[in-house]
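A.B. asks: coords below, sequence missing:
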């Protein structure tokens, strides 16, 4: 397995990703869409998720395909980004047909970035406009790091961000991952140079420094993020709830909703390998899985396993790339990996 030509989720043919962000707000939105509806499902492993229209992605629900997926900052306010995407899809006459009307189906998930130093004193919720702008910007190429839903993301010790990665399997199937990494845990080992995901790095896609050779890792729960949020608030706050890693894994393999759900479930291994600790009660860790259906599998039962493994690998690498590509901005609470 090797990365696709862009090493992005858009190596999956037919997919496009758009970002929109506000530097003063220190927040933004990311949208994944395609030229035609696609199959999708979801799996949640964090204890504090924030979602919209995820129930319809269960395998037993009647809706077969959706029009877009949204990852957004803004906590519950950010769910309104889905409305902006719906507005744009409605104008394009896209959506699920119900008699003479069409209803765009746009599930979404949010991360908490309300306490990151940005100006959140808005008069009107900005996320509807950000969602529409992200949808309208959707393309095969898009920015990583401090962009879109990763604009205001923070990890335990460093700035988080938006990441992506891909792999092309030996059977020709492409799989990719897209993630906004804002976890309670750390993406780097103590010292903040080595990534937990280093064993899965391909080439020097996130620095090429390699794994940490120290032993006994994983026991430190130090968090600059918690310290910074408490200092910013000026009073005791619940920083254990100010987190979440939200992601999408996608493939051109023809998968059912049930198979997409299995893909999403297996991809959570990628979070566990790249973030320590992961899936905490205060994280809303969630993975969507999407299938464009362009490539039929010859032996679905045998080929789904390697596809799930590839999705987890892509997600680990995407998380590390999110932090690797984060860039310094005014009034940041935490340093960047590239400029500690």
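C.D. replies: Done, it's in. None of these values were measured; they are calculated from a predicted model. Numbering: from 1, shown residues only.

A.B. asks: Which strands or helices does the helix or strand of the chain with the lowest mean pLDDT pack on?
C.D. replies: Least confident helix or strand, the chain: helix 224-233 with a mean of 81, by mean pLDDT, DSSP states H and E. Judged by 3 or more C-beta pairs under 8 Å, 6 or more residues apart in numbering; DSSP states H and E, helix 224-233 has no packing partners among the helices and strands. Glycine gets a C-beta too; all of them are placed from N, C-alpha and C.

A.B. asks: buried stuff in whichever helix or strand comes after it?
C.D. replies: The C-terminal neighbour of helix 224-233 among helices and strands, as given by DSSP states H and E, is strand 244-253. By neighbour count with 16 or more other C-beta atoms under 10 Å, strand 244-253 contains the buried residues 244, 245, 246, 247, 248, 249, 250, 251, 252, 253.

A.B. asks: What segments of the chain are strands?
C.D. replies: Under the criterion DSSP state E, the chain carries strands at the ranges 15-22, 27-44, 51-52, 66-72, 96-98, 101-103, 108-110, 161-168, 174-182, 244-253, 286-295.

A.B. asks: Identify whichever of those strands lies nearest to residue 228.
C.D. replies: Proximity to residue 228 (C-beta to C-beta) singles out strand 174-182 among the strands of the chain, at 13.4 Å.

A.B. asks: so who does the residue nearest to residue 3 when sequence neighbours are not counted touch?
C.D. replies: Nearest residue to residue 3, sequence neighbours excluded (C-beta to C-beta, 6 or more residues apart in numbering): residue 166, at 5.4 Å. With contact set as C-beta atoms under 8 Å, 6 or more residues apart in numbering, residue 166 has these partners: 3-4, 6-9, 11-12, 174-177, 314.

A.B. asks: from those, which is closest to residue 230?
C.D. replies: Among these, and counting by C-beta to C-beta, the member closest to residue 230 is residue 177, at 32.0 Å.

A.B. asks: May I ask you to name the longest helix in this structure?
C.D. replies: In the chain, with assignment by DSSP state H, the single longest helix is helix 300-324.

A.B. asks: Show the average pLDDT along it.
C.D. replies: Across helix 300-324, pLDDT averages out at 95.

A.B. asks: what angle sits between it and strand 161-168?
C.D. replies: Interaxial angle, helix 300-324 versus strand 161-168 (axes from the mean of the first three to the mean of the last three C-alpha atoms, to 10 degrees): 140 degrees.

A.B. asks: what comes up buried for helix 300-324?
C.D. replies: Buried residues in helix 300-324 (16+ other C-beta under 10 Å): 304, 307-324.

A.B. asks: can you tell me how far the closest residue to residue 152 other than its chain neighbours sits from residue 44?
C.D. replies: Excluding the flanking residues, the one nearest residue 152 by C-beta to C-beta, 6+ apart is residue 113, at 3.5 Å. Separation of residue 113 from residue 44 (C-beta to C-beta, to the nearest Å) stands at 19 Å.

A.B. asks: quick one: which of these two has more around it?
C.D. replies: More neighbours surround residue 113 than the other of residue 113 and residue 44, with 30 against 19 (other C-beta atoms under 10 Å).

A.B. asks: List phi and psi for that one.
C.D. replies: phi -140, psi 30 (degrees, to the nearest 10).

A.B. asks: what's near enough to touch it?
C.D. replies: 26, 27, 73, 74, 75, 151, 152, 153, 154, 182.

A.B. asks: Can you check what pLDDT the model gives it?
C.D. replies: 94.

A.B. asks: Okay, it and residue 52: tell me how far apart.
C.D. replies: 17 Å.

A.B. asks: So, low pLDDT: which residues of the stretch 151-300 of the chain?
C.D. replies: 233-241 (pLDDT under 70).

A.B. asks: returning to that earlier point: run through the neighbouring helices and strands of the longest helix of the chain.
C.D. replies: Partner elements for helix 300-324 (3+ C-beta pairs under 8 Å, 6+ apart): strand 161-168, strand 174-182, strand 244-253, helix 257-274.

A.B. asks: Any idea which of these gets closest to residue 118?
C.D. replies: Closest among the helices and strands packed on helix 300-324, using C-beta to C-beta: strand 174-182, at 13.1 Å.

A.B. asks: Partner strands of the closest one and their direction?
C.D. replies: Using DSSP bridges, the strands paired with strand 174-182 are strand 161-168 (antiparallel), strand 244-253 (antiparallel).

A.B. asks: need the contact list for residue 200.
C.D. replies: By C-beta under 8 Å, 6+ apart, the neighbours of residue 200 are 273, 313, 316, 317.

A.B. asks: From those residues, pick the one nearest residue 281.
C.D. replies: Nearest member of those to residue 281, counting by C-beta to C-beta, is residue 273, at 20.0 Å.

A.B. asks: residues near the closest one, how many?
C.D. replies: Neighbours around residue 273, by other C-beta under 10 Å: 20.

A.B. asks: what sits against the closest residue to it other than its chain neighbours?
C.D. replies: Counting by C-beta to C-beta, 6+ apart, the nearest residue to residue 273 once its immediate chain neighbours are dropped is residue 316, at 4.7 Å. Residues near residue 316 by C-beta under 8 Å, 6+ apart: 197, 200, 270, 271, 273, 274.
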